[in-house]
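> here's a sequence, model it:
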Amino acid sequence: MNRNYIATIEGNETVLAKYVEAVFAGTCRATKAYPNPYRLPGYRDCLDSPLIAYYLQQQPFVLAEATEFVEKLRKIDSKGFNGIHYPIDKWLEATVRDPFFTNTGDKWNVQYVLNPGVDLTNINPDYLKFMCYVAVCHLKFGPSYASVTANRYFDMVTALGSDEVAKLKKFGSGTLPLEVTDYKDASVSCVANDAFATIKIAVKQEGPESYRLALGFLNKLLQTDFPRSYTIEFSAHKKHWLPIKGLPKKGVNALFGNAVRYEILYPLLVEYANLAMKPHEWYNNLSAEDCAMPSTFAVFALGLVSDTYFSLITKYMRTVDEEHQSIQEKFTLAFVARFGINKTTLPVFMHCLLSTQSHKHYKLFAEQFGTRENLALLLACKHNFVPYLPEESQEPIDPEFLDDDVDTEQQSLIAYLWEDVLNAIFGSPTLTPKLLKAASEELRPLYTELF
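Predicted coordinates:
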C-alpha cells in the first residue's frame, strides 16, 4: 500500500496551499484505496485532516469561503461529509468550545456550561454561523446519532448570545428553495425545516387531492439533501390509524392511514417509501421502543392492501436495522391475520420474522402451520434457507477458494436463524415435546423434521 501521503501540516504548507486551490477549482480527487487520500497531479497525495486543519487556520476567517470549501470538499471526499467532519469538529472544539465552555459532566453524560465571566465580544460571530452550518451538515449527511453533536453545537451558539439558531428554527438553513420547503393553499399546509429536520403537514380539507399535494411535497423534499432522519408532524380533522395493534398513535401514523384510503395515491406512497427507506435513519419523534425507519408507515399501509406490495415489504424488511428496531413485529401479526400463510405469503412472512432479533411469538403463527401443506412449505424453506440470510452472507464463493471456516460460519448462522424462526412460530423450545405429542400421525413426521 502506498503510504507516501501528506499527514502533517509542518513542512508541507506550500503543497497544502496548492490543494486548497485545487479544492476550490475542483481539480483534485479522492483515491479509491484506503485511507482514500486526495490526489493532485504533480504532488504527493494528501489526507483530509492536514488539509482541513491547514485551511481553517488561515486568517482572516471568511465565512462564505469556509462554507464553500467544506461544500466542495464533501463532494470530492469518498465518504462525503462523513469523511471530513472529524477535523472540522476538532477545529470548532479548539476555537469555540474549549475557550468558552467547561464540561461539568463526564464522558457518558456530557454537559457543556458557559464559563463564568465570559466576554461575549471576544467571539467572532462568523465562527458561530460556521458552527451552525456544520451542525446542519451533521443533521443532513451524518448518521442519526449525529444529531447529538448538532444539538450540542446549537446550544453553544445560543449560550454565546447569537440569534443564529433562532433564525434557523424560523427559516431553516436557506439552502433549499422556498418552493421545496413551503407549500400552502386552501386544502393543505406543508412546511419543512432542514436545519432541525422537521416536516409539518396540516390537511384542512379531507380528500385525495389534499393528500396528493402532501405526498408530492414529501417526495420532492426527499429528492434534495434534506436530512434522512426527521420528524413528521401531522394534523387533520380526522385521523385514521393504521389497522395494526400497538402502533404509536402519532401524526405520521395518521398521515399514511388517511392517505392509503385513496387508491389513486398508491403510486405516490410507493415513491415515498422508496425515497425514505434508508438504513440507520429514524423518525425522530417516536419513542425508543417504537423507533422506526423512515418509510415504515407507508410500507405498513400498502403492505396490508394486496399482494402487489409484497416485494416492497420484503425490501423494507431486508433494509431495516434488525438490531435496533422491532416495531415491525406488530406488522407481521397484522400481515398474517390479513393474508394467512400460503405459498405466496410465506417468503414475505419469513423476511418479516428475520427482520428483527428474536421476533416475538404470536399464537396465530403456530395456528397457521397446523396443516400438511403449510408444514411442507416451511420444510422447503428450511432446506433452501440461504435466500433469507443477510445479503452479505449470500455472496457466492468459488468452490476452488472455499474456506472451510466460511462454510462453517454460514452453516452456524443458518442454524441460529432457523432456531429463531421456530421460536417465533411455535414458541419456546420447551413446548416442542408437547407439540410433537399432540400432533396427528400424519403431521408428526413433518414437525419432527422441522425441529
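> just the helices from the stretch 351-451 of the chain, written as ranges.
If DSSP state H, counting those that start in this stretch is used as the criterion, the helices of the stretch 351-451 of the chain fall at 363-368, 372-383, 404-426, 432-438, 444-450.
> now do the shortest one, average pLDDT.
Going back to what we said before, that points to helix 363-368. Across helix 363-368, pLDDT averages out at 95.
> can you list the low-confidence ranges for this protein?
Within the chain, the stretches with pLDDT under 70 are 1-3, 392-406.
> contact partners for the spatially most central residue of it?
Taking Cα atoms, centre = their mean, the centroid of the chain lies closest to residue 281, which sits 1.7 Å from it. By Cβ atoms under 8 Å, 6 or more residues apart in numbering, the residues touching residue 281 are 143-144, 228-229, 293-294. Where C-beta positions appear, they are placed from N, C-alpha and C, glycine not excepted.
> try it again with 6 Å
Residues in contact with residue 281 (Cβ atoms under 6 Å, 6 or more residues apart in numbering) are 144, 228-229, 294.
> quick one: it and residue 351, what's the gap?
20 Å (Cβ to Cβ, to the nearest Å).
> can you check residue 307 too?
Residue 307 is 14 Å from residue 351, by Cβ to Cβ.
> higher neighbour count, those two?
Using other Cβ atoms under 10 Å as the criterion, residue 307 and residue 351 rank with residue 351 on top: 21 against 12.
> pretty sure that one sits against residue 316.
No: using Cβ atoms under 6 Å, residue 351 makes no contact with residue 316, being 8.7 Å away.
> rewinding a little: and the residue nearest to the centre of the chain, how far is that from residue 145?
From residue 281 over to residue 145 (counting by Cβ to Cβ), the distance is 11 Å.
> likewise for residue 425?
Where residue 145 is concerned, residue 425 sits at a distance of 34 Å (Cβ to Cβ).
> likewise for residue 282?
Distance, residue 282 to residue 145, using Cβ to Cβ: 10 Å.
> which of these two has more neighbours?
Per other Cβ under 10 Å, whichever of residue 282 and residue 145 has more neighbours is residue 282, with 24 against 11.
> show me where the stretch 1-150 of the chain has its helices.
Using DSSP H, counting those that start in this stretch, the helices of the stretch 1-150 of the chain run over 13-25, 48-56, 63-76, 85-92, 98-100, 125-141, 147-159.
> any idea how far residue 155 lies from residue 102?
Taking Cβ to Cβ, one finds residue 155 at 14 Å from residue 102.
> and those two? which has more neighbours close in?
More crowded of residue 155 and residue 102, by other Cβ under 10 Å: residue 155, with 16 against 13.
> skip the chain neighbours and tell me the closest residue to that one.
Distances taken as Cβ to Cβ, 6 or more residues apart in numbering place residue 112 nearest to residue 155, at 7.4 Å, with adjacent residues excluded.
> the residue lying closest to residue 417 once chain neighbours are set aside: neighbour count?
Nearest residue to residue 417, sequence neighbours excluded (Cβ to Cβ, 6+ apart): residue 354, at 6.2 Å. Residues lying near residue 354 (other Cβ under 10 Å) number 21.
> how near is residue 354 to residue 410?
15 Å.
> likewise residue 34?
Distance, residue 34 to residue 410, using Cβ to Cβ: 26 Å.
> of the two, which one has the most company?
For residue 34 versus residue 410, neighbours defined as other Cβ under 10 Å are more numerous around residue 410 (16 against 8).
> I'd like the next helix or strand past whichever helix or strand residue 192 is part of.
Per DSSP states H and E: residue 192 is located in strand 188-193. Moving toward the C-terminus from strand 188-193, the next helix or strand (DSSP H and E) is strand 198-203.
> direction included, what does that following strand pair up with?
strand 188-193 (antiparallel), strand 231-235 (parallel) (DSSP bridges).
> I'd like those as TSV, with distance to residue 182 and mean neighbour count appended.
Formatted as TSV, the strands paired with strand 198-203 follow (distance: least, Cβ to Cβ, whole Å; neighbours: other Cβ atoms under 10 Å):
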stretch	distance to residue 182	mean neighbour count
strand 188-193	5	21
strand 231-235	15	18
